[in-house]
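A.B. asks: Any chance you could fold what I've pasted below:
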Amino acid sequence: MATSTLDASTIADLSRLQRQLVARLAQARRRVRLWLLVEGLAVVLAEAVALALFTFWADRTFRLGVGVRIGLVAVAGALLLLEVVRRIAIPLLTPVGLVALAGAIGRNRAGTDHGDLAGRVASVLELPNLLKSASGASPAMIDRAVRRRHEGLAGVEFKAALDHSRLRRSSLLLAVSIAIPISLVARFPDVANLWARRMFLASRQPWPQNTYLFVADERQGQILVPRGEPYVLRAGARDGSRAPQRIFLTIRSSDRTDVLMKQFGENDFRHDFAVVDSPLEIELEGGDDDYGPVRIVPVDRPRIVGFALSAQHPRQAAPERHDFNGGDADLSFLVKTRLALRIAANVPLRQLRLKSQSAHPRPEDLHCIDAADYAIEWVQEGPAKFELELVAAESGLVSLPVPVSIGLKIDQPPRITMAYSGVRPRITPQARIPLAIDARDDYGLTAVGLTIRDESPDPADPAKLVAHSAPLPIYPPAEGKSPPSSPDAAPLQLQFKPTFDAAKERLAPGSFLSITADATDNCYTGPQTTRSRTVVFGIVSPEELFREILLRQQAERIKFRKQTEESQKISELLRSPGVPQEAGKQLADIARRHRALQLETLRITTVLDQALTEINLNGLGTPESHALMERNVLVPLKSLNEELLAPQTAAIDAAQPRPGAAFAAANFAPLAERQEQIVARMQEILKQMAQWDSFVDVLNQLDQIIKLETGVKDGSERLKKKETESLFDK
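C.D. replies: Sure thing, here's the model as predicted:
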């Protein structure tokens, strides 16, 4: 019973001693863990500050790219995570036994009176457990051993055994690691903010520097250039920054090329690309700035791939389609034509610019059909001249200006000419005037006519002339077929050969007759009328004109007589050719003289024929005199040229010797014989001319006698009538 009581009290007392020792060691263990946490935090935070300063230095010095910065942050994060695991997580999560803790304290306190601290702690914590087992150990000995070890440990201060200097160093390191970034951020907030955004937000904002480079045409890290065209890369320093002395350009494609950009002026650096067919990547370095990388991407420049032009005049039922390339010089349209020009581009467009150099079309006449198709509609009022510029939607490239010109087709006034034949400017009151009228127009004629104007002496004052005008329509005719109602069916050309009868005008000698032809077209904006030149005829008495014509004929007869004499001289030369050595030269002179004779005879024939026509048209003479002139003068003259003069000219030319050949005098015989026939024929014609003149003189005298008798008779009748009327008045 005593043994049991001893054992129970011993076990309870020893358990109390164990709990006291465990509490002391547990408190020391917590203190150790806290110090390890402080130390780990200090080291990790110091390393984080060091890495942050390193990244700041590296980025500020080398201006790292986004990829490098992201990689650097990833590496730093991995290192910090490793340090957190190694210095914080593992020390805090690793289980620490009390005996082991006591052993560590004992080793740390080597050289003191603690001795084997781990063994004594183990005796206190483990020997009481033997009382609960049936090992047969002596309780008294166990109790005495435990109490002795416990008393030995009572004077040991486990917390004092910790290294406080290490804790102070860790605390100082932690404080410094916190103070440095806080002070730097407070002192340089903008720099810290920029560093944070560059490192953690991948910002492209550069660090503050003296030089800030820029590249012209760069948008969002790339430059869009026209494919297959030369390109000039321009770079320099931005406004407000220091211009560099030089800029180095790095070009990367399939290989790498480093070049020094050419300086064309202050802060103006350029590099010429002969042609850009494939994408390039460039980087620039100048001053204290690095710029890039920038991609040069070739794209198709916008251009017009098709024009479609339709035109519809108000007179047309449907529009006409025309092939058009923008510069056809001969493509023109009438006023009031509605034009629609459709434009097709090779790429979608952001904008189509119209720069008009004429009143029409205007920019508001431009309409968008879809991204690559536009239309311009306007009414033609004048020549259209404008330029088109295409702005690509994706690249923003602007096409080269495309000039477009569309001419104005003028509906010209009609053109009309009038000529007369057979008569001269002096005619008789009963003359007939043959006219030849030719009228033309671009789009059709609606009317052709004559304007007849006469100016006669005023009965009250013969010194004054009274004018009268009257139209004489020719087309459309007054009776019969009417002109076409459709403008498209209107004739483009009309020719008339009317004969105007002056007798209908009943003009007295001393009057003037003016004839003008006029033509009217079917112009859409209003009929246009054009007049021909005016021909003016003076009205003379038949006797006066007949006398004038006869004088001209007599002058021609005198000229014909001279030609007859010339023919006789030629005949004499042909009968006596002279010495054979000079016969060739003599024949050449005869040929020249005979050709002149022939030409003059033809001219006389023409003049006499025209005189007969004039006599006929003016109503002069009688049919018998006309037939006599035709039969006895004109017909023989024409026969003379056809039967004798022309063959003689050909024979004389054929008889001339070749150069260096001898001339035979016998060649003159047939020429002399034909020449005698010519002389005889010309003399006979001269006689007929004289007879015709005599016949005409007789006819004129008879006509005068008849007119005189008629005048006396008319006077007697008027006198008789006057006496009769006076008798009744009385």
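
A.B. asks: Could you look up the SS state of the residue nearest to residue 496 when sequence neighbours are not counted?
C.D. replies: Distances taken as Cβ to Cβ, 6 or more residues apart in numbering place residue 437 nearest to residue 496, at 4.5 Å, with adjacent residues excluded. (Glycine included, C-beta is placed from N, CA and C.) Classification of residue 437 using DSSP: H, G, I helix; E, B strand; the rest coil returns strand.

A.B. asks: beta partners for residue 437?
C.D. replies: Counting by DSSP bridges, residue 437 is bridged to residue 418, residue 496.

A.B. asks: show me what contacts it?
C.D. replies: Neighbour list for residue 437: 416-418, 448, 474, 494-498, 517, 532 [criterion: Cβ atoms under 8 Å, 6 or more residues apart in numbering].

A.B. asks: who touches residue 177 in this structure?
C.D. replies: Residues near residue 177 by Cβ under 8 Å, 6+ apart: 42, 45-46, 48-49.

A.B. asks: Look up which helix or strand it falls in, please.
C.D. replies: For residue 177, the host element (DSSP states H and E) is helix 164-187.

A.B. asks: That helix: what's the following helix or strand?
C.D. replies: As assigned by DSSP H and E, the chain's next helix or strand after helix 164-187 is helix 189-200.

A.B. asks: Alpha carbons of that following helix, as PDB, please.
C.D. replies: Presented in PDB, the C-alpha positions along helix 189-200 are these (Å, rounded to 0.1, in the frame of the first residue of the first chain):
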ATOM      1  CA  PRO A 189       7.500  59.000 -56.900                       C
ATOM      2  CA  ASP A 190       7.400  59.600 -60.700                       C
ATOM      3  CA  VAL A 191      10.500  57.500 -61.300                       C
ATOM      4  CA  ALA A 192       9.200  54.700 -59.000                       C
ATOM      5  CA  ASN A 193       5.800  54.800 -60.700                       C
ATOM      6  CA  LEU A 194       7.400  54.600 -64.200                       C
ATOM      7  CA  TRP A 195       9.700  51.700 -63.000                       C
ATOM      8  CA  ALA A 196       6.700  49.800 -61.600                       C
ATOM      9  CA  ARG A 197       4.600  50.300 -64.800                       C
ATOM     10  CA  ARG A 198       7.500  49.300 -67.000                       C
ATOM     11  CA  MET A 199       8.400  46.200 -64.900                       C
ATOM     12  CA  PHE A 200       5.000  45.000 -63.900                       C
END
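
A.B. asks: could you point out which element follows it?
C.D. replies: Heading C-terminal from helix 189-200 (DSSP H and E), you reach strand 213-215.

A.B. asks: what pLDDT, on average, does the very next helix or strand once past that next one get?
C.D. replies: Later in the chain than strand 213-215, the nearest helix or strand by DSSP H and E is strand 222-226. The average pLDDT within strand 222-226 is 89.

A.B. asks: Give the other helices and strands that strand 222-226 contacts.
C.D. replies: Counting contacts by 3 or more Cβ pairs under 8 Å, 6 or more residues apart in numbering; DSSP states H and E, strand 222-226 is packed against strand 289-299.

A.B. asks: Which strands border the helix or strand that the strand it packs on is followed by, and is each parallel or antiparallel?
C.D. replies: Under the assignment DSSP H and E, the closest C-terminal helix or strand after strand 289-299 is strand 304-312. Counting by DSSP bridges, the strands paired with strand 304-312 are strand 320-322 (antiparallel), strand 338-345 (antiparallel).

A.B. asks: Make a markdown table out of the contacts of residue 437 and add distance to residue 405 and pLDDT.
C.D. replies: As requested, the contacts of residue 437 are exported to a markdown table (distance: Cβ to Cβ, whole Å; pLDDT from 0 to 100):
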| residue | distance to residue 405 | pLDDT |
| --- | --- | --- |
| 416 | 33 | 94 |
| 417 | 34 | 95 |
| 418 | 39 | 94 |
| 448 | 36 | 94 |
| 474 | 41 | 91 |
| 494 | 35 | 92 |
| 495 | 37 | 93 |
| 496 | 40 | 93 |
| 497 | 44 | 93 |
| 498 | 45 | 93 |
| 517 | 38 | 94 |
| 532 | 36 | 93 |
